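Q: Sequence and predicted structure, then a few things I'm wondering about:
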Amino acid sequence: MEMIVDFPGGARVDAHFGDFTVKTDQSPRGGGEGAEPEPFALFLSSLATCAGIYVLNFCKHRGLPTEDLRVVQRSIYDHQKRMVGKIELEIQVPPEFPQKYYSALVRSAEQCAVKKHIENPPAFEIMTEVMSDE
């Protein structure tokens, strides 16, 4: 997948891929207007929503209701490393949700592709390329 990133003004940075555009901005403290989520918040939300889609699909395949189900993600900051040191994902279920599925819900969320890529990160290569005038 190729993404094209451009800079529409201020501290905004947008990513374009396929038919989609993901808009980002920095908070006022970071020099932006706070009009869009910060890139790091989108990164974290990709983990929560990815786990969520696995939980949703697990429930759909078994005919289990999802209306009162939710995933809560907490990022625990490590002050020594100056970055997130732990991420907790809590699947909250309503009282009537069948207890026999609790551990299976956890196993389904653990299949999240974003989580797997964080646990086994890809190699990065960053370079500069001069654009052609064409």
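A: Everything's here; your move.

Q: Can you name the residues that contact the closest residue to Ser45 other than its chain neighbours?
A: In this structure, Ser45 finds its nearest non-sequential neighbour in Pro37, 7.2 Å apart by C-beta to C-beta, 6 or more residues apart in numbering. For every residue, glycine as well, the C-beta is placed using N, CA and C. Neighbour list for Pro37: 24-25, 45 [criterion: C-beta atoms under 8 Å, 6 or more residues apart in numbering].

Q: Please tell me how far Pro37 sits from His61.
A: 31 Å (C-beta to C-beta, to the nearest Å).

Q: picking that back up, from the contacts of Pro37, pick the one nearest Ala109.
A: Closest to Ala109 out of the contacts of Pro37 is Ser45 (14.8 Å), distances taken as C-beta to C-beta.

Q: part of a helix, is the closest one?
A: Yes: membership of Ser45 in a helix is supported by DSSP: H, G, I helix; E, B strand; the rest coil.

Q: Renumber starting at 38 from here on
A: Renumbered: residue one is now 38, and that last one reads Ser82.

Q: State the pLDDT value of it.
A: Per-residue pLDDT puts Ser82 at 97.
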